[in-house]
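In: Fold the stuff below for me.
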Amino acid sequence: MSFLFLFLLSLAPLFHSSSPLPYPYNTSFHIDCGSSTPSTDSYNISWLPDKFFTGGSTSVVSEPLHFHLQHEKTLRYFPLSSGKKNCYNIPLPAGRYYIRTFTVYDNYDGKSHSPSFDASVEGTLVFSWRSPWPESLTRDGAYSDLFAFVKDGQLDLCFYSIATDPPVIASLEVVQIDPLSYNSAQTGDSYILVNYGRLSPGSSQWGPGFTSDPDAFGRSWQSDSDYRAGKSESAKVITTKEKITGTEKAPNYFPMKLYQSAVTIEGRLEYELPVDAKLDYLVWFHFAEIDSTVKKAGERVFDVLVNDKNVSRVDIFKEVGSFVAYSLNYTEKNLSSSVLNVKLSPVAGAPLICGLENYAMVPADLATVPEQVVAMKALKDSLCVPDRMGWNGDPCAPTDWDAWEGVTCHTNKNGTGLVITQIELGSQGLKGYISEQISLLSNLINLNLSTNSLDGTLPIGLGQKSLARLDLSDNQFSGSIPESLTSSNLQLVRLNNNLLEGRVPEELYSVGVHGGTIDLSGNKGLCGVPPLPDCPLFWENGRLSKGGKIAIGLSCFLFVAVLLLVIYLFCIRRGRNDYDFGLPSDLISLAAKRNRYQRQKSLMLLEMESQHAKGLPSVPLNPH
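Out: From the prediction side, this is the model:
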């Protein structure tokens, strides 16, 4: 979508001060881009010094006195040395926001060449600036605004350089608004409403930063005089100071001042609003019967036509009575012309209108799926990607722009988001390591980080099934090759000229066997596959190998088993034998006495037998 040329609000003289209107949503930022100091302007708006930017430099317009407010005099520009894509990343709670920028060139660089660039909000292209700018725009600058939803806790406002031109921005305002405003309940939260005309017929430009008249959303309103067509240029202005009821109400909080002025004409009232083709446009009409001469229904009736299509018949008094706000809206689908034509055609009396708004309904572009955004931001930090590569904002969105330099994206299978399929960062002077978050890149087909100064170990999550080409050659990676690489569908593997060590998984080496390419040369510590040396039996990568650990474990087990067996045999079994066959000590003593008696008796008998043999007289044993 290279279509959007933003709707411009010209500058007006600024005189009065104002106080902010109480409002139920209190998140807002007013950033003075290019300024180093905070300030408060004459409208009591507090401006922050420049912050939340990803790169760029600061400057001052060539004619500061030509501008009324301080935030219009300084700017931030993004030269090519900061990369083609730069952003403001503002932390915000989820919700809907009114976003307003002031853009000016005023020959700040002395080159008399207004730049060409695009701007996106939340990954969707919203503004396109093309050189040469009109002279009034170049010198005076312009405000532009839109309504967008922020869902992820951070607003991304990004700029993309066309050719070598540096994008510029002078101020940025972000105000939280009611999430149900402007029919979001019907249209959903997937559209950005870009302002192509916010007119207050019968009054000059007003709103925050222009007059003291407040608007709860911070909207600015401008005169309709430049957009009336044909005879409508002579329309009559009517105003009132009477209170208009029905204003400042949720969800749109339209200000009372809008309904206190109007234009009317005898005959047809016509407007022509410049637009871009091939978009839907949301048109809001604002009415209030502020002419006290109209007393009853039927006295002022008119038809509302958009591009000659009758969309409503309006009788303000019949609908709400006098001095009461009344609004209606209409969506013009797929506009094919560059002009949106609005006509109020009389039926009875003269038509009247108090306000007219026209918003392009820009569909939110596809964004990178959240987990892959996390992975890419982690890689940006771990690889120390230089600023010149412009790795800012969403890695893949807007789809009209190139993705981050060296990154290729595609739509995922169900068409709901963008995924990273290729990272080509060879010879980019990278100094860092590969983050473990790379495992979240589940669609990565090609990874080339060759010829850099990367070190550390290869993450265990490296090697999704989608990975077909891996080139990490000529770095300083150390440690072993992760087993996860064996689960991928690699056709090319270049790990040569690193400090890798340890056994090469056989499944990885088979890449070369099956017709792919594998190069592991220049890693003195690798082993296990031809032509690399065999790995030590029990030692690998400077420590015990897996086999060594198993061998030690088995040895310890056998030793403990044998030890337990010995203890059983020599202690437990022996103890049982002593208990079964041993005699009590008193029995042992009795037996010993008996044995002594028997031995003495035997000796006496032997002696008597010996004497009898020698012829000696025998002596009776028991003489009585």
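In: In contact with the residue positioned nearest the centre of the chain, which residues?
Out: Centroid check for the chain by Cα atoms, centre = their mean gives residue 373 as the closest residue, at 5.2 Å. Shown here is residue 373, whose contacts under the criterion Cβ atoms under 8 Å, 6 or more residues apart in numbering are 367, 394-395. (C-beta placed from N, C-alpha, C; glycine too.)
In: Same check on residue 277?
Out: 3, 335-338.
In: tell me the strands in the stretch 401-550 of the chain, going along the chain?
Out: Chain-ordered strands for the stretch 401-550 of the chain, with DSSP state E, counting those that start in this stretch as the definition, fall at 407-411, 418-424, 446-448, 455-457, 469-471, 476-479, 492-494, 499-503, 517-519, 525-527, 539-540, 543-544.
In: Mind putting those strands into CSV with mean neighbour count and distance to residue 296?
Out: Putting the strands of the stretch 401-550 of the chain into CSV (neighbours: other Cβ atoms under 10 Å; distance: least, Cβ to Cβ, whole Å) gives the following:
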stretch, mean neighbour count, distance to residue 296
strand 407-411, 17, 59
strand 418-424, 20, 59
strand 446-448, 19, 75
strand 455-457, 15, 83
strand 469-471, 21, 79
strand 476-479, 17, 86
strand 492-494, 20, 84
strand 499-503, 19, 91
strand 517-519, 16, 88
strand 525-527, 19, 95
strand 539-540, 16, 98
strand 543-544, 12, 97
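In: which one of these lies closest to residue 215?
Out: Relative to residue 215, the nearest member of these by Cβ to Cβ is strand 418-424, separated by 36.5 Å.
In: so that closest one versus strand 407-411, what angle?
Out: 150 degrees (axes from the mean of the first three to the mean of the last three Cα atoms, to 10 degrees).
In: what packs against strand 418-424?
Out: Using 3 or more Cβ pairs under 8 Å, 6 or more residues apart in numbering; DSSP states H and E as the contact criterion, the neighbours of strand 418-424 among helices and strands are helix 370-382, strand 407-411, strand 446-448.
In: if we can go back for a sec, by neighbours, which of the contacts of residue 373 wins?
Out: Counting neighbours by other Cβ atoms under 10 Å, residue 394 comes out on top of the contacts of residue 373 with 27 neighbours.
In: rewinding a little: which ones among the contacts of residue 277 map onto strands?
Out: When the contacts of residue 277 are checked against strands using DSSP state E, the ones located there are residue 335.
In: pretty sure residue 294 contacts residue 323?
Out: No. Look at residue 294 against residue 323 with Cβ atoms under 8 Å: they stay out of range, at 10.7 Å.
In: just the helices in the protein please.
Out: With DSSP state H as the criterion, the chain has helices at 135-140, 184-187, 256-259, 316-320, 370-382, 506-513, 546-567, 574-581, 585-613.
In: returning to that earlier point: quick one: the residue nearest to the centre of the chain from residue 393, how far?
Out: Computed as Cβ to Cβ, to the nearest Å, the residue 373 to residue 393 distance reads 10 Å.
In: and what of residue 214?
Out: Distance, residue 214 to residue 393, by Cβ to Cβ: 33 Å.
In: Please say which of these two ends up with more neighbours.
Out: Between residue 214 and residue 393, counted using other Cβ under 10 Å, the more crowded position is residue 393 (27 against 21).
In: Next, the more buried one: phi, psi?
Out: The phi and psi values for residue 393, taken as degrees, to the nearest 10, are phi 70, psi -150.
In: you'd agree it is up against residue 156?
Out: Yes. Distance between residue 393 and residue 156: 4.8 Å, which falls inside the contact criterion (Cβ under 8 Å).
In: Overlap in contacts, the two.
Out: With the criterion set as Cβ under 8 Å, 6+ apart, the overlap between the contacts of residue 393 and residue 156 is 87, 89, 120, 123.
In: shouldn't the last one be in contact with residue 392?
Out: Looking back up the chat, that one is residue 123. No. At 11.8 Å, residue 123 and residue 392 do not qualify as touching, with contact defined as Cβ under 8 Å.
In: Comparing these two, which residue is more hemmed in?
Out: Each of residue 123 and residue 392 had its neighbours counted (other Cβ under 10 Å), and the higher figure belongs to residue 392 (24 against 21).
In: could you measure the more buried one against residue 401, distance?
Out: Separation of residue 392 from residue 401 (Cβ to Cβ): 11 Å.
In: so what sits against both of those two?
Out: Counting by Cβ under 8 Å, 6+ apart, the shared contacts of residue 392 and residue 401 are residue 85.
In: Break the protein into its domains for me.
Out: Domain assignment of the chain by the TED database yields the ranges 28-177, 196-363, 370-539.
In: Which one, of those, ends up nearest to residue 565?
Out: Each of the domains of the chain was checked against residue 565 via Cβ to Cβ, and the shortest separation belongs to domain 370-539, namely 26.7 Å.
In: Could I get the average pLDDT for that closest one?
Out: Taken as a whole, domain 370-539 carries a mean pLDDT of 93.
In: and that domain, how far from the chain's centre?
Out: Remark: domain 370-539 is offset 22 Å from the chain centroid, using Cα atoms, centre = their mean, to the nearest Å.
In: Columns distance to residue 179 on top of the strands of the stretch 401-550 of the chain, output as JSON lines?
Out: Written out in JSON lines, the entries for the strands of the stretch 401-550 of the chain read as follows (distance: least, Cβ to Cβ, whole Å):
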{"stretch": "strand 407-411", "distance to residue 179": "28"}
{"stretch": "strand 418-424", "distance to residue 179": "25"}
{"stretch": "strand 446-448", "distance to residue 179": "41"}
{"stretch": "strand 455-457", "distance to residue 179": "45"}
{"stretch": "strand 469-471", "distance to residue 179": "45"}
{"stretch": "strand 476-479", "distance to residue 179": "48"}
{"stretch": "strand 492-494", "distance to residue 179": "49"}
{"stretch": "strand 499-503", "distance to residue 179": "53"}
{"stretch": "strand 517-519", "distance to residue 179": "54"}
{"stretch": "strand 525-527", "distance to residue 179": "58"}
{"stretch": "strand 539-540", "distance to residue 179": "60"}
{"stretch": "strand 543-544", "distance to residue 179": "58"}
